[in-house]
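A.B. asks: Here is my input, please return the structure:
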Amino acid sequence: MSQSDDNVNAPLPRLAKDAAVKWAEDYTAYMARLTEVELTPSTAKANFEECVGKDDEVAEDGRYSLFYYVYSDSPVTEHSRVVRTLRRELTGQGYEVTSYREFQSAGKAAVFSARDKESSYRVMADTVGSGKTKPQRLSFSVRTPCLLPPGATQQQF
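C.D. replies: Next up, the predicted model:
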């Protein structure tokens with residue numbers, strides 16, 4: 001993720017990778033509790049990505065963003081209720097909805113995406129799988145903004 005165009009050298013938030021994964025696990029579990037669905041822990045995946053700047057620059061100071069997801073085998077008949085609940089609950093907690101659609105069909109699946117206005121953390125829940133070759137499940141995911149590991153010296157541009 002890129003930083004704000006206003007100040008590319010603004011201090012990045014600091015968080016160790018294991019702490020970022022723990023936050024992601026806890027937050028997706030929180031989203032599941034809010035919506036009363038069960039997660040399938042064996043499907044959890046943490047992907048660390050490089051932060052790419054506005055002009056495609058990549059720092060060499062260890063900064064990263066985390067994309068984390070975990071599935072729920074909740075039936076598609078529940079997907080609209082889940083995204084509806086998340087929209088209602090999270091907008092009251094400082095999240096701005098950036099994408100929303102209730103489940104209509106395999107081709108028009110449920111989608112919920114929101115960004116925390118203060119921290120720029122992003123949270124999502126959406127239907128994944130075609131329903132033909134792969135079962136349709138709910139994916140709960142989070143994406144962090146660029147984070148810098150504690151103790152690293154932030155590279156300046």
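
A.B. asks: list the helices and strands the longest helix along the chain packs on?
C.D. replies: Counting residues, the longest helix found in the chain (DSSP state H) is helix 17-35. The contact analysis (3 or more CB pairs under 8 Å, 6 or more residues apart in numbering; DSSP states H and E) places helix 17-35 against strand 40-49, strand 65-72, helix 79-91, strand 122-128, strand 137-143. Where C-beta positions appear, they are placed from N, C-alpha and C, glycine not excepted.

A.B. asks: among these, which is nearest residue 19?
C.D. replies: Smallest distance to residue 19 across the helices and strands packed on helix 17-35 (CB to CB): 10.1 Å, for strand 65-72.

A.B. asks: Would you mind naming the residues that bridge with the residue nearest the centre of the chain?
C.D. replies: Centre of the chain computed as the mean C-alpha position; nearest residue by CA atoms, centre = their mean is residue 142, 1.7 Å away. Beta-bridge pairing for residue 142 (DSSP bridges): residue 68, residue 123.

A.B. asks: So for it, what's the pLDDT?
C.D. replies: Residue 142 is assigned a pLDDT of 98 by the prediction.

A.B. asks: List the residues that contact residue 59.
C.D. replies: 51, 53, 154-155, 157 (CB atoms under 8 Å, 6 or more residues apart in numbering).

A.B. asks: which among the residues you listed end up buried?
C.D. replies: Among these, those buried by neighbour count (16 or more other CB atoms under 10 Å) are residue 51.

A.B. asks: Grab the two from the contacts of residue 59 that are most spread out in space.
C.D. replies: For the contacts of residue 59, the farthest-apart pair by CB to CB is 53 and 154; their separation is 12.8 Å.

A.B. asks: how far out from the middle of the chain is the longest helix of the chain?
C.D. replies: 10 Å (CA atoms, centre = their mean, to the nearest Å).

A.B. asks: Make TSV from the contacts of residue 59 and add secondary structure and distance to residue 114 to it.
C.D. replies: Listed next are the contacts of residue 59 as TSV, based on DSSP: H, G, I helix; E, B strand; the rest coil; distance: CB to CB, whole Å:
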residue	secondary structure	distance to residue 114
51	coil	21
53	coil	24
154	coil	28
155	coil	30
157	coil	29
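
A.B. asks: For this structure, which residues score under the pLDDT cut-off?
C.D. replies: 1-6 (pLDDT under 70).

A.B. asks: How many neighbouring residues does residue 49 have?
C.D. replies: For residue 49, the count of nearby residues is 13 (other CB atoms under 10 Å).
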